[in-house]
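A.B. asks: Sharing a model that was predicted from the sequence below.
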There are 2 protein chains.
Amino acid sequence: MGLADALQQVIDDLDESRGVALVGMDGIVVEERKREGQLDLQALGAEFSGLLKTAGKLGDSVGFGGIVELVTSAERSVVILRQVTADYFLILVIQADGNLGKARFLLRRAATLLKTEL
Amino acid sequence: MGLADALQQVIDDLDESRGVALVGMDGIVVEERKREGQLDLQALGAEFSGLLKTAGKLGDSVGFGGIVELVTSAERSVVILRQVTADYFLILVIQADGNLGKARFLLRRAATLLKTEL
């Protein structure tokens, strides 16, 4: 399965998804799929790559190791980040009342698929 | 139920818990309970208050609103932060293979209890 298909499947399988993207650790979006045309995944990818890097430094400094996943639940959206390789991560934005368990499952599955292609 | 009891209940109800604390947004621990004597919740509270503030600024800047919860899954531990009031948050550290769903539930319940006392 290709990159675009793997991302599309996450969107198709989760009604509450807003958008998903594969992003480089430099904050640049490689590929994206979204339900909402106005969702700016380029901006979100750039902003959240910074948060992921900050969390990574923190994990190292307290001895907890590398970051596998970072879930930010805000008032109007939930953002799930999952590290795919050292250079790439996935970002999935869902509605605030969305099914977080299913979202995490779908993103983990997509990461496993993509890992073999990156 | 008092503050110490609310924290103790989280620890008692989750075998995979390592420690829990109520922390001010200035990073200073108000009260803590832990299963592992060597877990430095003072240091973790200080470090993760910074991450929560960074996430809060990010949530505002992208229009998603205030942070309700932040879950950092690292290789050797999972850290769950939950905002209680504008000035205080809860931090719960669990084992990497711990039950995240139950941990989130217990922390949300504790936050609801504590909100009325802060």
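C.D. replies: Yep, that arrived. Residues are numbered from 1 along each chain as shown, chains lettered A, B, ... in the order given.
A.B. asks: does the helix or strand hosting A:V30 come close to chain B?
C.D. replies: Using DSSP states H and E, A:V30 maps to strand A:29-34. No: using Cβ under 8 Å from any Cβ of the partner chain, strand A:29-34 stays clear of chain B, with a minimum separation of 14.5 Å. Glycine gets a C-beta too; all of them are placed from N, C-alpha and C.
A.B. asks: And that strand, what does it pack against?
C.D. replies: Applying 3 or more Cβ pairs under 8 Å, 6 or more residues apart in numbering or on different chains; DSSP states H and E, we find strand A:29-34 packed against helix A:3-13, strand A:17-24, helix A:41-61.
A.B. asks: burial of A:L114, as a residue count?
C.D. replies: Close neighbours of A:L114, defined as other Cβ atoms under 10 Å in any protein chain shown, add up to 22.
A.B. asks: Flag every buried residue along the strand holding A:V30.
C.D. replies: Neighbour counts over strand A:29-34 (16 or more other Cβ atoms under 10 Å in any protein chain shown) mark A:V29, A:E31, A:E32, A:R33, A:K34 as buried.
A.B. asks: now that strand against helix A:3-13, angle please.
C.D. replies: When axes from the mean of the first three to the mean of the last three Cα atoms, to 10 degrees is applied, the directions of strand A:29-34 and helix A:3-13 differ by 30 degrees.
A.B. asks: rewinding a little: out of the helices and strands packed on strand A:29-34, deepest packed?
C.D. replies: Mean neighbour count (mean count of other Cβ atoms under 10 Å in any protein chain shown) peaks for strand A:17-24 among these, with a mean of 22.
A.B. asks: Over it, what's the mean pLDDT, rounded is fine.
C.D. replies: For strand A:17-24, mean pLDDT rounds to 98.
A.B. asks: Also stretch A:4-11?
C.D. replies: In this model, stretch A:4-11 carries a mean pLDDT of 96.
A.B. asks: So what's the gap between stretch A:52-72 and the chain middle?
C.D. replies: 15 Å (Cα atoms, centre = their mean, to the nearest Å).
A.B. asks: before we move on, what about stretch A:17-27?
C.D. replies: The chain centre lies 5 Å from the centre of stretch A:17-27; the measure is Cα atoms, centre = their mean.
A.B. asks: just stretch A:92-109 next, same as before
C.D. replies: Worked out by Cα atoms, centre = their mean, stretch A:92-109 lies 10 Å from the chain centre.
A.B. asks: Nearest to the middle of chain A, which residue? Look it up for me.
C.D. replies: Central residue of chain A (Cα atoms, centre = their mean): A:I91, 1.7 Å from the mean position.
A.B. asks: tell me which residues form a beta bridge with that one?
C.D. replies: When assigned by DSSP bridges, A:I91 has beta-bridge partners A:A21, A:L81.
A.B. asks: would a markdown table of the buried residues of strand A:29-34 with distance to A:D12 and pLDDT be doable?
C.D. replies: Output for the buried residues of strand A:29-34, formatted as a markdown table (distance: Cβ to Cβ, whole Å; pLDDT from 0 to 100):
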| residue | distance to A:D12 | pLDDT |
| --- | --- | --- |
| A:V29 | 19 | 98 |
| A:E31 | 15 | 97 |
| A:E32 | 14 | 97 |
| A:R33 | 9 | 97 |
| A:K34 | 12 | 96 |
